[in-house]
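>>> Sequence and predicted structure below; questions after.
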Amino acid sequence: MKFKKKDVIIKVVKPNEALGRIDEGQVCVIIDGRLRQHRNKVHLKKGNYFDDSVAFSIASEETKVIIAPLAKIEQATPGIGEKIARNLEVKKEPEPKSKKLTYLKQVKCPVCESNFTVTKYFSYKLEQKSIDRELRVRYKDAEPLLYDLWRCSGCNYTNFQDSFHSLGKRELDELKRACRPDGKKQAQLNRSPRVDLKQDAELKAGGETIQDYNEYKKNMELHIAIENHLWFIKNFHKYCRVQEALPKLYLHLAWLYDDVKNEEKAREARMKALLEYDNVYSKSRLTLEAQYKILYLIARLNHTLGYKEKALNNYRKCLSLRVNNRQINMLAEEAVSEIKRELNRQ
Ligand SMILES: [Zn+2]
């Protein structure tokens with residue numbers, strides 16, 4: 001292939017280093033060495049090529065690549081650019097779509113090393129429908145809150161799925177010590193009744209229709225999620241050092257109680273969430289964005305719980321931070337006018 005110098009970039013990537021992004025309309029061809037593509041775990045070797053749809057790749061060994069616009073490749077070697085373009089298009093054709101939104105995954109507990117199974121959503125299949133006034137994101141046919149907490153079936157260690165494997169060494173050592181040898185037995189004894197719940201669901205759903213079963217399963221999963229939230233909250237200081245996570249847990253718990261229509265428990269959880277958000281707001285060092293979001297939630301929780309004046313003050317405080325977030329600003333402004341109207345009427 002013949003190129004003009006300015007059209008092409010030749011890059012040498014050292015082992016385990018990342019190749020930067022490819023610009024739109026450009027193609028990267030491997031001249032020598034091997035690249036590992038993270039997203040689809042594919043190894044590419046000499047002669048392979050890809051375009052800007054690949055986020056980034058890591059060199060498995062020293063790798064030399066040439067990056068050039070597709071049109072220039074075609075110009076330099078007629079037929080080749082076209083062939084590359086055709087092949088790249090074929091790869092982009094959507095896979096036959098499966099409707100399944102979840103899959104099962106084996107997880108190894110960092111504390112007791114037991115393996116257990118969790119349900120996960122294919123995140124790329126989640127379709128956001130709306131965000132409600134407490135900033136709860138609603139998805140089409142999916143509720144990620146159901147599986148957001150992972151709880152080890154061996155020792156009951158619980159955490160958000162994203163933080164499950166990021167315990168600090170000190171916390172991990174403490175938990176391991178508490179877990180062995182009697183600790184583990186104790187944990188087994190303390191084990192939640194969720195296995196029974198599952199069996200129960202299967203028994204009860206035995207003679208009924210699929211729809212009943214799905215309804216029952218959803219309900220059961222909600223109860224498991226509630227139970228896991230309660231367990232995490234009870235053991236919060238053992239499992240987590242991030243104080244901001246506690247009010248979030250209570251708020252999520254309130255939403256789960258909403259879903260099972262337990263108003264009293266939902267209110268209780270909102271009271272706790274409010275208390276903990278107040279706590280975090282007054283005691284933690286927060287970025288401006290975090291302060292803004294927490295103030296909004298403090299206002300909203302006060303509002304929902306019927307403390308209108310406190311709500312009003314906090315909405316105003318939140319808006320006075322002038323953070324550029326259209327959605328929250330709009331919700332806060334609407335709430336301010338709503339409360340003012342209500343207070344005037346009284
Ligand atoms: Zn465990």
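Now that the structure is in, tell me what you want to look at.
>>> Tell me how many other residues crowd the residue nearest to K125 when sequence neighbours are not counted.
Excluding the flanking residues, the one nearest K125 by CB to CB, 6 or more residues apart in numbering is L101, at 5.3 Å. Glycine gets a C-beta too; all of them are placed from N, C-alpha and C. Applying other CB atoms under 10 Å, we find 18 residues neighbouring L101.
>>> backbone phi and psi for L101, please?
Dihedral pair for L101: phi -100, psi -20, per degrees, to the nearest 10.
>>> who's in contact with it?
121-122, 125-126, 141-142 (CB atoms under 8 Å, 6 or more residues apart in numbering).
>>> Check the gap between it and R345 for me.
Applying CB to CB, to the nearest Å, the value for L101 to R345 is 45 Å.
>>> who are the neighbours in contact with A225?
Taking CB under 8 Å, 6+ apart as the test, what A225 contacts is 145-149, 256.
>>> Which parts of the chain are helices?
70-76, 80-92, 169-179, 182-190, 194-205, 210-234, 236-239, 245-259, 263-283, 288-305, 308-320, 326-345 (DSSP state H).
>>> mind putting the ones you listed in JSON lines, mean pLDDT and distance to the ion included?
Formatted as JSON lines, the helices of the chain follow (pLDDT from 0 to 100; distance: least, CB to the ion, whole Å):
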{"stretch": "helix 70-76", "mean pLDDT": "76", "distance to the ion": "51"}
{"stretch": "helix 80-92", "mean pLDDT": "70", "distance to the ion": "41"}
{"stretch": "helix 169-179", "mean pLDDT": "87", "distance to the ion": "7"}
{"stretch": "helix 182-190", "mean pLDDT": "47", "distance to the ion": "8"}
{"stretch": "helix 194-205", "mean pLDDT": "48", "distance to the ion": "15"}
{"stretch": "helix 210-234", "mean pLDDT": "88", "distance to the ion": "13"}
{"stretch": "helix 236-239", "mean pLDDT": "92", "distance to the ion": "11"}
{"stretch": "helix 245-259", "mean pLDDT": "97", "distance to the ion": "19"}
{"stretch": "helix 263-283", "mean pLDDT": "97", "distance to the ion": "26"}
{"stretch": "helix 288-305", "mean pLDDT": "97", "distance to the ion": "31"}
{"stretch": "helix 308-320", "mean pLDDT": "97", "distance to the ion": "40"}
{"stretch": "helix 326-345", "mean pLDDT": "94", "distance to the ion": "38"}
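>>> Output these as CSV; include the columns distance to V137.
Output for the helices of the chain, formatted as CSV (distance: least, CB to CB, whole Å):
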stretch, distance to V137
helix 70-76, 38
helix 80-92, 28
helix 169-179, 29
helix 182-190, 33
helix 194-205, 25
helix 210-234, 16
helix 236-239, 23
helix 245-259, 10
helix 263-283, 17
helix 288-305, 14
helix 308-320, 19
helix 326-345, 11
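>>> Relative to V111, which of those is closest?
Proximity to V111 (CB to CB) singles out helix 169-179 among these, at 4.7 Å.
>>> Mind listing what's buried along that closest one?
171, 175-176, 178-179 (16 or more other CB atoms under 10 Å).
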